[in-house]
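**Student:** Okay, here's the prediction I keep looking at, along with the sequence it came from:
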Amino acid sequence: MKSFWKAVNGVISEADIILHIVDARNVNETRNKEIENKVKKKVLIYVINKCDLVDKDILEREKKELKNSVFVSSTEYHGMRKLKEKIIIAGKRLGIEKPRVGVLGYPNVGKSSVINALKGKGSARTSSQSGFTKGKQDIAAKKFTLIDTPGVIPYKEEESALNGSIDFSKVKEPEVAVYDLMEKFPDLLKFYKVEDLDELAIKKNFLKKKAEPDSNRAARFILKEWQEGKINFKS
């Protein structure tokens with residue numbers, strides 16, 4: 001983690017503008033307060049990614065809590081023009097012709113995907129696996145330079161499957177993690193049209209010996225889909 005924070009601190013130091021990427025489905029849990037405290041003297045833009053997975057009324061409520069924010073979907077390219085405009089305007093206000101833009105946030109919130117949507121496909125490699133980006137990368141766009149970084153979690157915070165800081169495949173107790181997710185999103189299982197994990201296991205043919213439902217595997221499947229942005233809460 002120290003090497004990650006060393007890279008992040010370097011980005012904060014050299015960047016003129018910071019994009020703080022958060023997950024629209026889980027805004028508060030994916031806000032990194034240490035990053036926010038460190039960039040008080042920088043221009044900070046909240047990029048609420050994966051907005052295509054959440055109802056508009058929820059997004060509007062979240063936006064009221066975050067000043068200088070923009071909704072985007074890096075998969076559908078929604079909001080990218082507005083985000084580019086915000087970056088360019090911020091650069092002009094700073095008197096910088098081509099500002100350097102640091103892209104920060106938890107693992108798995110879509111930092112590299114946002115970069116690709118801003119610059120063009122293939123600029124930054126992407127993966128749903130936590131910790132995929134290993135080091136700082138400079139990526140030149142037409143009117144600004146983007147800096148991709150490894151995803152980081154606060155020093156004092158434990159890794160969590162919910163905010164993407166630990167990969168679904170490495171979660172020790174996937175069922176507990178899913179129950180935690182259900183506390184925030186009670187209708188989570190309705191997305192799969194089931195009542196419990198056993199029913200989902202049967203539906204997906206996740207079975208143990210003697211055809212018993214494998215609820216542990218079903219829970220890990222949910223965490224995988226959550227981290228890959230396949231679960232939405234649109235009505």
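**Tutor:** Looks like it came in fine.

**Student:** When you work out contacts or count neighbours from here on, use the C-alpha atoms and nothing else.
**Tutor:** Fine.

**Student:** Could you list the buried residues of the longest helix along the chain?
**Tutor:** Determined from DSSP state H, the single longest helix within the chain is helix 80-94. Neighbour-count burial for helix 80-94 flags 80, 83, 86-88, 90-91 (criterion: 16 or more other Cα atoms under 10 Å).

**Student:** for stretch 16-31, same thing?
**Tutor:** In stretch 16-31, counting by 16+ other Cα under 10 Å, buried: 16-27, 30-31.

**Student:** So which residues make contact with stretch 190-210?
**Tutor:** 189, 213-215, 217-219, 231-233 (Cα atoms under 8 Å, 6 or more residues apart in numbering).

**Student:** gap between that stretch and the chain center?
**Tutor:** On the basis of Cα atoms, centre = their mean, to the nearest Å, stretch 190-210 sits 27 Å off its chain's mean C-alpha point.

**Student:** can you pull the alpha-carbon coordinates of it into CSV?
**Tutor:** What follows is stretch 190-210, C-alpha atoms only, in CSV (Å, rounded to 0.1, in the frame of the first residue of the first chain):
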residue,chain,number,x,y,z
LYS,A,190,-34.4,-9.0,-6.9
PHE,A,191,-32.0,-8.1,-9.7
TYR,A,192,-31.6,-11.9,-10.1
LYS,A,193,-35.3,-12.6,-9.4
VAL,A,194,-34.5,-14.8,-6.5
GLU,A,195,-35.3,-14.7,-2.7
ASP,A,196,-32.0,-16.0,-1.3
LEU,A,197,-28.5,-17.2,-2.3
ASP,A,198,-29.5,-20.9,-2.3
GLU,A,199,-32.2,-20.1,-5.0
LEU,A,200,-29.6,-18.2,-7.0
ALA,A,201,-27.2,-21.1,-6.7
ILE,A,202,-29.8,-23.5,-8.1
LYS,A,203,-30.8,-21.1,-10.8
LYS,A,204,-27.1,-20.8,-11.9
ASN,A,205,-26.4,-24.5,-11.4
PHE,A,206,-23.8,-23.7,-8.7
LEU,A,207,-24.2,-27.1,-7.0
LYS,A,208,-22.1,-29.2,-4.5
LYS,A,209,-22.1,-32.9,-4.3
LYS,A,210,-25.6,-34.5,-3.9
